[in-house]
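A.B. asks: fold the stuff below for me.
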Amino acid sequence: MKSLFDRLMSLDRRGRFIYGITVAIVLIALSGATADFFVQRYLQAGVQLVIAVMSVLLLFYYSISKNYTVFVYSGIVVASVGYNLLLCLDHFALHSYLVLMIIPLVIFFILPLRQAFIMSLLHYGVLIALSWYGYAVLHMTSEIFGRDAIQVYLFGGIFILAFGSFYHLAIEESYRQLEHANTQKETLLKEIHHRIKNNLNKMSSALGLQIFRLQQGHTASPEEILRGNKLRIEAMSLVHEALYRSEDIASVEVGEYIRKVLDLIERTYERQIRVEIDAIPIFLPTEKILRLGTILNELYTNTIKHTDADNLQIEVEIILSRTEDTCMLRYVQKGNSQEIDTVAFTKSPGLGMMLIQLSAEEMGGTFYIETLEKSLIFSLTFDC
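C.D. replies: Numbers count the residues shown, from 1 in each chain. Okay, here's the model as predicted:
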């Protein structure tokens, strides 16, 4: 029993409904066949027994082939033909219409709206034609041909058609939206894993560059190496923090992210510099914001490390502007005690400049460095 229950729970919504409705039809048919057999209505019992057997065979066929279309239409034909035959054998008795009236309700549960509506109309059309034949041609006498009974069944049929239609417009649409949302979540989850993998690869590349520089004879203190790597990892983690706090998990607001990166660097080096940020309210995809964070991390770290802590004139201005589909980031370091050689700065073999150049290329952007009145100006242009 537990194994059967587990198997049923492993099915999707459609599969569970198919098994459920088939079991219900089989139980109803067997109950009716048993009752008819004991009152010696053997033809009626035989017809209901055939309905039960055909239903089981169709379910067995579906469990093997998973052919939903064949199962549904064959099941509708078996039920409609079988119970219409019972209607004739029962001489159009009032109770014989009950199952025939609710068959369209099942049809609406298992078929798309348009096909369900057409099949239900055909089913009711056959039922009306057969009833007219029994009344006008065979001259059957039955309560069903009375005005009150006709009104009850007529309104019942209209109600079932209306209910089935609104069921599809409401419930089925909700299921489609849920399935779409689940598909989106699966896609986004894969995208998140892909981004994490890219971030790890990026960090691995940075470590590889550090190893290469050490092999080339460039020296650096272990403390500085670890501190720099710590900052790069935490700058990446800030992006993911911004993503899970945001309603939009595909992009990050730039201005807030810049402030957090700078605050992180200041806390790491225990030094504050006067910073002015003028950033337009814009969201960027995570891949670009990560690379932008890498560039700002290297620039601001360079400012803190290579400027005199006693120089109160040092000031940083960060400007992010946009023109149509192009963004420009300007990092201005003011108050330097002496002029900076921009050529030497750009061609510096340091890891920071290598990461800046690599990140700018990955963004598809271009950058240049210039000096103006003892101010270092870094300008980056990229598509946004």
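A.B. asks: now the strands for this protein?
C.D. replies: Assigned by DSSP state E, the chain shows strands spanning 251-253, 274-279, 283-285, 315-323, 326-334, 366-371, 376-383.
A.B. asks: including distance to Ile28, mean neighbour count and mean pLDDT, could those strands go into a markdown table?
C.D. replies: In this view, the C-beta of every residue, glycine as well, is placed from N, C-alpha and C. Supplementary listing: the strands of the chain in a markdown table, determined by distance: least, Cβ to Cβ, whole Å; neighbours: other Cβ atoms under 10 Å; pLDDT from 0 to 100:
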| stretch | distance to Ile28 | mean neighbour count | mean pLDDT |
| --- | --- | --- | --- |
| strand 251-253 | 56 | 19 | 76 |
| strand 274-279 | 69 | 14 | 90 |
| strand 283-285 | 58 | 15 | 84 |
| strand 315-323 | 68 | 16 | 91 |
| strand 326-334 | 68 | 19 | 91 |
| strand 366-371 | 75 | 14 | 86 |
| strand 376-383 | 66 | 18 | 90 |
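A.B. asks: with distance to Ser31 added, can I get those strands in a markdown table?
C.D. replies: Shown next, in a markdown table, are the strands of the chain (distance: least, Cβ to Cβ, whole Å):
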| stretch | distance to Ser31 |
| --- | --- |
| strand 251-253 | 61 |
| strand 274-279 | 74 |
| strand 283-285 | 62 |
| strand 315-323 | 73 |
| strand 326-334 | 73 |
| strand 366-371 | 80 |
| strand 376-383 | 71 |
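A.B. asks: nearest to Val39, of these?
C.D. replies: strand 251-253 (73.0 Å; Cβ to Cβ).
A.B. asks: quick revisit: out of the strands of the chain, which is closest to Arg176?
C.D. replies: Distance to Arg176, taken as Cβ to Cβ, is lowest for strand 251-253 among these, at 26.4 Å.
A.B. asks: for Ile107, which of the strands of the chain is the nearest?
C.D. replies: With Cβ to Cβ as the criterion, Ile107 lies closest to strand 251-253 of the strands of the chain, at 45.7 Å.
A.B. asks: okay, now the closest residue in space to Gly134 that isn't next to it in sequence: neighbour count?
C.D. replies: Nearest residue to Gly134 in three dimensions, chain neighbours excluded: Met140, at 4.4 Å (Cβ to Cβ, 6 or more residues apart in numbering). Each residue near Met140 was counted by other Cβ atoms under 10 Å, and the total is 16.
A.B. asks: need the pLDDT of Met140.
C.D. replies: For Met140, the model assigns a pLDDT of 85.
A.B. asks: ok, it touching Asp90?
C.D. replies: No: counting by Cβ atoms under 8 Å, Met140 sits too far from Asp90 to count as a contact (10.3 Å).
A.B. asks: residue contacts, Arg232?
C.D. replies: Residues in contact with Arg232 (Cβ atoms under 8 Å, 6 or more residues apart in numbering) are Met203, Ala206, Thr294, Asn297.
A.B. asks: sorry, back to before: how near is the residue nearest to Gly134 to Gly228?
C.D. replies: Per Cβ to Cβ, to the nearest Å, Met140 is found 95 Å from Gly228.
A.B. asks: so Ile25 touches Gly82, yeah?
C.D. replies: No: using Cβ under 8 Å, Ile25 is not in contact with Gly82; the gap is 9.7 Å.
A.B. asks: shared neighbours, the two?
C.D. replies: Contact criterion Cβ under 8 Å, 6+ apart; residues shared by Ile25 and Gly82: Ile51.
A.B. asks: neighbour-wise, which of the two wins?
C.D. replies: Shown here are Ile25 and Gly82; by other Cβ under 10 Å, Ile25 has more neighbours (24 against 21).
A.B. asks: what's the closest non-adjacent residue to the more buried one?
C.D. replies: Ile25 sits nearest to Ser55 (Cβ to Cβ, 6+ apart), 5.0 Å away.
A.B. asks: what number of residues lie near that neighbour?
C.D. replies: Ser55 is flanked by 25 other residues according to other Cβ under 10 Å.
A.B. asks: my guess is it contacts Val77, does it?
C.D. replies: No: contact criterion Cβ under 8 Å: Ser55 and Val77 do not qualify, at 11.7 Å.
A.B. asks: tell me which residues of stretch 120-129 come out buried.
C.D. replies: For stretch 120-129, a neighbour-count test (16 or more other Cβ atoms under 10 Å) marks Ser120, His123, Tyr124, Leu127 as buried.
A.B. asks: keep only those of the residues you listed that are in helices.
C.D. replies: Ser120, His123, Tyr124, Leu127 (DSSP state H).
A.B. asks: the second one touches Ile103, doesn't it?
C.D. replies: Yes: in this structure, His123 is within contact of Ile103 by Cβ under 8 Å, at 6.0 Å.
A.B. asks: identify the contacts common to the two.
C.D. replies: Joint contacts of His123 and Ile103 (Cβ under 8 Å, 6+ apart) are Ile76, Ser80.
A.B. asks: tell me the contacts of Phe163?
C.D. replies: Leu105, Phe108.
A.B. asks: how about Met328?
C.D. replies: Applying Cβ under 8 Å, 6+ apart, we find Met328 in contact with Ile319, Leu320, Ser321, Arg322, Ser379, Leu380, Thr381.
A.B. asks: same check, this time on Val99
C.D. replies: Ile28, Ala79, Tyr83.
A.B. asks: of the residues you listed, closest to Tyr73?
C.D. replies: Distances from Tyr73 to the contacts of Val99, taken by Cβ to Cβ, are shortest for Ala79, at 11.0 Å.
A.B. asks: show me where the chain has its helices.
C.D. replies: Here the chain has its helices, by DSSP H, at 2-9, 13-38, 42-65, 68-89, 97-110, 113-132, 147-167, 173-215, 222-245, 254-269, 286-305, 342-346, 351-362.
A.B. asks: can I get the ones you listed in JSON lines with distance to Lys374 and mean pLDDT?
C.D. replies: JSON lines is the format used below for these (distance: least, Cβ to Cβ, whole Å; pLDDT from 0 to 100):
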{"stretch": "helix 2-9", "distance to Lys374": "73", "mean pLDDT": "60"}
{"stretch": "helix 13-38", "distance to Lys374": "70", "mean pLDDT": "86"}
{"stretch": "helix 42-65", "distance to Lys374": "81", "mean pLDDT": "91"}
{"stretch": "helix 68-89", "distance to Lys374": "76", "mean pLDDT": "90"}
{"stretch": "helix 97-110", "distance to Lys374": "78", "mean pLDDT": "87"}
{"stretch": "helix 113-132", "distance to Lys374": "74", "mean pLDDT": "90"}
{"stretch": "helix 147-167", "distance to Lys374": "75", "mean pLDDT": "87"}
{"stretch": "helix 173-215", "distance to Lys374": "29", "mean pLDDT": "74"}
{"stretch": "helix 222-245", "distance to Lys374": "26", "mean pLDDT": "74"}
{"stretch": "helix 254-269", "distance to Lys374": "22", "mean pLDDT": "86"}
{"stretch": "helix 286-305", "distance to Lys374": "13", "mean pLDDT": "86"}
{"stretch": "helix 342-346", "distance to Lys374": "12", "mean pLDDT": "58"}
{"stretch": "helix 351-362", "distance to Lys374": "20", "mean pLDDT": "84"}
